[in-house]
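K.L.:
Give me coordinates for this.
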Amino acid sequence: MAGLNVKLEIVSRGLGGTPSRIRNSVRINTTNPSQNLSRVSATTTGADTIILPSANAERFVYIKHLGLNSAGAKNVTDKLKVEYSDNNHIAELRAGEFLFLPYDTGGSALLQLEASANTIQAEYAFFTRS
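P.N.:
From the prediction side, this is the model:
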């Protein structure tokens with residue numbers, strides 16, 4: 001059976017005195033449709049960069065701000081907004097930041113990416129839980 005092995009480790013140093021470590025992992029069985037790792041250019045119009053056309057199933061979405069403009073040159077100032085189809089954003093990523101999100105809205109909202117300014121590159125993937 002197809003699936004994902006998701007591992008997360010967060011290590012803090014110098015915050016509140018005692019370092020802390022959070023580790024977690026989970027196996028998620030998946031089915032079609034899915035989208036393997038892809039690169040897109042996000043413009044300042046979210047509807048131009050729809051990465052998840054429907055959410056009629058439980059999906060797991062990975063998104064990363066690559067810190068590059070449309071020509072591939074370094075761009076670390078513009079932010080990447082992760083938005084619903086109504087332009088309300090659920091996350092805002094700076095260059096190099098990423099998210100992994102369980103996403104299920106019962107089919108009512110797609111996901112799109114929008115740049116805060118200029119055009120920036122992002123990568124994404126999504127997987128459907130079986």
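K.L.:
Backbone dihedrals for Ser116, please?
P.N.:
phi -70, psi -30 (degrees, to the nearest 10).
K.L.:
For Asp86, see how far away Arg129 is.
P.N.:
According to C-beta to C-beta, to the nearest Å, Arg129 and Asp86 sit 25 Å apart. C-beta coordinates here come from the backbone N, C-alpha and C atoms, glycine included.
K.L.:
Tell me which stretches of this protein form strands.
P.N.:
Listed in chain order, the strands of the chain (DSSP state E) span 3-12, 20-42, 50-52, 59-69, 80-84, 89-93, 98-103, 111-115, 120-129.
K.L.:
what about the chain, any weak spots by pLDDT?
P.N.:
15-17, 55, 107-108 (pLDDT under 70).
K.L.:
what residues are up against the closest residue to Asn32 other than its chain neighbours?
P.N.:
Residue nearest to Asn32 in three dimensions, not counting chain neighbours: Thr128, with 6.7 Å by C-beta to C-beta, 6 or more residues apart in numbering. For Thr128, the contact set (C-beta atoms under 8 Å, 6 or more residues apart in numbering) comprises 30-34, 57-59.
K.L.:
Give me the distance between the nearest residue to Val11 once chain neighbours are set aside and Ala125.
P.N.:
Sequence neighbours aside, Arg21 is the residue nearest to Val11 in space, at 5.0 Å (criterion: C-beta to C-beta, 6+ apart). Going from Arg21 to Ala125 by C-beta to C-beta gives 26 Å.
K.L.:
Mind putting the contacts of Thr128 into TSV with distance to Met1 and neighbour count?
P.N.:
Output for these, formatted as TSV (distance: C-beta to C-beta, whole Å; neighbours: other C-beta atoms under 10 Å):
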residue	distance to Met1	neighbour count
Thr30	8	17
Thr31	9	13
Asn32	12	8
Pro33	16	13
Ser34	13	14
Ala57	16	14
Glu58	16	15
Arg59	17	22
